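In: mind looking at a prediction? Sequence and model below.
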Amino acid sequence: MTDKAAIAPETIARTDNAEGLSYLDSLPRRVVTLYLPLGIILLVLLFPFYWMALTAVKPDEQLIDMDRFNPFWTTAPTLKHISKLLFESAYPRWLWNTMYVAVAATMLSMVASVLAAYAIVRLRYRGAQLVGAAIFLAYLVPPSILFIPLASVIYQYGLFDSPLSLILVYPTILIPFSTWLLMGYFRTIPFELEECALIDGASRWQILTRIILPLAVPGLISAFIFSFTLCWNEFIYALTLLSSTQNKTVPVAIVNEFVDGDIYRWGSLMAGALAGSLPLVILYAFFVEHYVSAMTGAVKE
């Protein structure tokens with residue numbers, strides 16, 4: 001009889017994995033346990049995007065008359081709604097405002113979060129854990145109860161109806177979670193690397209910029225994506241702090257400008273929502289692996 005201890009660990013691992021996936025050997029089992037759940041999940045996730053794209057290319061008569069025309073398909077697609085969105089509205093300006101606010105607020109939050117997370121995790125001062133917990137608890141405060149006092153402060157400083165107001169307000173909801181996320185990722189970096197650098201005469205700033213940040217790139221990408229997504233989709237603060245049409249962001253503008261009383265211009269509205277989601281789709285497509293790996297490291301901590 002072969003001694004199991006003499007078998008290579010890789011062989012044992014492959015054997016265990018094969019035994020664990022043996023229930024997928026037959027086609028009916030794969031259909032019921034794998035393909036069917038995946039198909040349902042994909043349908044639920046992708047159907048809203050299909051509906052937005054379909055509505056964006058449907059003629060007006062097909063959008064209104066659901067009895068004569070198939071609501072899930074169109075035989076005469078048109079680009080009229082997209083043309084109105086891009087050339088007969090201020091949508092390019094709204095898209096620029098959203099990008100400008102999201103990038104500026106995200107970069108500001110990233111700088112503050114990196115400094116805060118490094119100080120809490122690496123400097124080891126008394127009460128560091130309590131400070132970290134307090135920062136994370138601040139993230140749990142609903143933004144809906146903060147926008148009124150923040151709007152009052154913004155008005156007192158004369159920043160009302162300005163994209164700068166959003167750039168200064170968004171970090172209040174971005175920094176707590178980004179700091180917590182980076183704290184978890186910084187803990188995965190061996191402290192011995194910093195000790196060696198300190199022995200060689202490196203300063204804390206040099207350690208942060210030349211050792212910690214290069215090793216924490218996946219965590220930085222994850223925090224950046226989270227912050228950027230939250231800024232891009234945020235609605236309450238943008239609705240409260242911006243009033244003029246040219247200063248609005250996409251989430252607020254497409255709702256306010258394409259709805260006239262009880263008349264909804266569904267074609268242009270859905271085209272604007274679909275076009276506004278494309279930058280985030282592209283961002284996640286390129287960096288999803290870094291995002292998942294950093295989130296896993298933070299959760300484990």
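Out: Ah, there it is.
In: now for the helix or strand containing residue 155, which elements pack on it?
Out: Using DSSP states H and E, residue 155 maps to helix 147-156. For helix 147-156, the elements it packs on are helix 163-169, helix 236-241, judged by 3 or more Cβ pairs under 8 Å, 6 or more residues apart in numbering; DSSP states H and E. Backbone N, C-alpha and C define where each C-beta goes, glycine included.
In: hmm, 6 Å instead?
Out: Applying 3 or more Cβ pairs under 6 Å, 6 or more residues apart in numbering; DSSP states H and E, we find helix 147-156 packed against helix 236-241.
In: check which element follows the helix it packs on along the chain.
Out: helix 250-257.
In: quick one: contacts of that following helix?
Out: The contact list for helix 250-257, computed with Cβ atoms under 6 Å, 6 or more residues apart in numbering, reads 94, 95, 98, 235, 238, 239, 269, 272, 276.
In: the very next helix or strand once past it pairs with which strands, parallel or anti?
Out: Next along the chain after helix 250-257, taking DSSP H and E as the criterion, comes strand 259-260. Paired neighbours of strand 259-260 in the sheet (DSSP bridges): strand 263-264 (antiparallel).
In: before we move on, the earlier item: please save the CA atoms from the helix holding residue 155 in PDB.
Out: C-alpha atoms of helix 147-156 as PDB (Å, rounded to 0.1, in the frame of the first residue of the first chain):
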ATOM      1  CA  PHE A 147     -26.600  66.500   3.100                       C
ATOM      2  CA  ILE A 148     -28.700  69.200   4.900                       C
ATOM      3  CA  PRO A 149     -25.900  70.400   7.300                       C
ATOM      4  CA  LEU A 150     -23.300  70.000   4.500                       C
ATOM      5  CA  ALA A 151     -25.500  72.100   2.200                       C
ATOM      6  CA  SER A 152     -25.700  74.800   4.800                       C
ATOM      7  CA  VAL A 153     -21.900  74.900   5.100                       C
ATOM      8  CA  ILE A 154     -21.400  75.000   1.400                       C
ATOM      9  CA  TYR A 155     -23.900  77.900   1.100                       C
ATOM     10  CA  GLN A 156     -22.200  79.900   3.800                       C
END
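In: how far does that helix sit from the chain's center?
Out: Offset of helix 147-156 from its chain centre (Cα atoms, centre = their mean, to the nearest Å): 26 Å.
In: touching it from outside, list them.
Out: 160, 165, 169, 236, 237, 240, 241.
In: again with stretch 128-144
Out: With Cβ under 6 Å, 6+ apart, stretch 128-144 has contacts from 120, 173, 176, 177, 179, 180, 183, 236.
In: any idea of the mean pLDDT in the helix or strand harbouring residue 274?
Out: Using DSSP H and E, residue 274 sits in helix 266-300. The predicted model assigns helix 266-300 a mean pLDDT of 74.
In: my read: residue 265 touches residue 258, true?
Out: Yes. Residue 265 lies in contact with residue 258 (Cβ atoms under 6 Å); the separation is 4.5 Å.
In: who's more crowded, these two?
Out: residue 258 (23 against 20; other Cβ atoms under 10 Å).
In: determine which two of the contacts of helix 147-156 are furthest apart.
Out: Comparing all pairs in the contacts of helix 147-156 by Cβ to Cβ, the longest separation belongs to 160 and 236, at 15.2 Å.
In: the closest residue in space to residue 180 that isn't next to it in sequence and residue 223: what is the separation?
Out: With sequence-adjacent residues excluded and distances taken as Cβ to Cβ, 6 or more residues apart in numbering, residue 180 is closest to residue 136, at 4.4 Å. Distance of residue 136 to residue 223, computed by Cβ to Cβ, to the nearest Å: 14 Å.
In: who has more neighbours out of these two?
Out: residue 223 (30 against 15).
In: compute the inter-axis angle for the helix or strand harbouring that one and helix 250-257.
Out: Applying DSSP H and E as the criterion places residue 223 in helix 217-233. Computed by axes from the mean of the first three to the mean of the last three Cα atoms, to 10 degrees, the angle separating helix 217-233 from helix 250-257 equals 10 degrees.
In: by contact count, what packs against helix 217-233?
Out: Going by 3+ Cβ pairs under 6 Å, 6+ apart, helix 217-233 lies up against helix 91-122, helix 171-186, helix 266-300.
In: swap in 10 Å and give it another go.
Out: helix 91-122, helix 171-186, helix 213-215, helix 250-257, helix 266-300 (3 or more Cβ pairs under 10 Å, 6 or more residues apart in numbering; DSSP states H and E).
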